[in-house]
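Visitor: Give me the fold of what follows.
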Amino acid sequence: MSLCTIARRLCLSRSSSSSRVSSVWSHLYSTEAASEKIVDLADRIAALPPEEIKQIAPALLFRLNQEPPQAISGQGFSFGSQGGSGAGAAKAEEKKAEKTVFDVKLEKFDAAAKIKIIKEIRTFTDLGLKEAKELVEKAPVILKQSLTKEEAEAIIGKIKAAGGVAVME
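Guide: Numbering: from 1, shown residues only. Below you'll find the predicted structure:
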C-alpha cells in the first residue's frame, strides 16, 4: 500500500475520533498489532490539517531516499504525483539531465494508416483491439512508459513505418 493511500485514508478519517484512526490502522495491518508509538503517530497525523497531510507522502519519500511513483496514463486516467513544490521542479530539472527512462508518445497519424497503427500498438502492449483503437483515437497520447532508449527508438521506428508520428519523452 502506498504512502499516498495511507495519507488519504488518514485524511478521510480526520473528522472522527482517535479510536476510528486506530481501527483504520488495525484494518490496514490486521496481521500485525500496531505498537503504541505507531498508533500515537497515526493520531497526530490525523489531527493535522488536510494541507499538511498532503505533504506527508512526499516528505517521507524524500526522507527514505525513494523516488516518487512514475505517472501512468492510458484509458483516460492519469496516476502520478499529487503535489507540486519548488523541490519537485528542481528534481524534474535534475532528471532531465540524466534521463535513462523514456516514454513513447503517439503525436499524430495518417487516417489511412489507422488500422496499421492499431495493429502495431497491439504488438508491444497487452491491449485488446477495442482498447488499442480507443488509445489511438486519443492521440496525442502516451503509448508506453518506462522504456530504455533502445526500446523506445525501436517502437518509434515501428510506428513511423506504419504511418504515424511518435516521439520519445
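
Visitor: for the chain, where's the lowest mean pLDDT among helices and strands?
Guide: The least trusted helix or strand in the chain, going by mean pLDDT, DSSP states H and E, turns out to be strand 77-79, with a mean of 49.

Visitor: just checking, next helix/strand downstream of the longest helix seen in the chain?
Guide: Secondary structure of the chain per DSSP state H: the longest helix is helix 149-162. Sequence-wise, the next helix or strand downstream of helix 149-162 (DSSP states H and E) is strand 164-168.

Visitor: can you give me the angle that next one makes with helix 149-162?
Guide: Using axes from the mean of the first three to the mean of the last three CA atoms, to 10 degrees, the inter-axis angle of strand 164-168 relative to helix 149-162 is 170 degrees.

Visitor: List the buried residues of strand 164-168.
Guide: Buried residues in strand 164-168, counted by 16 or more other CB atoms under 10 Å: G164, A166. For the C-beta atoms, the positions are set from N, CA and C on the backbone; glycine is no exception.

Visitor: Which strands border that strand, and is each parallel or antiparallel?
Guide: Sheet pairing for strand 164-168, assigned by DSSP bridges, gives strand 102-109 (antiparallel).
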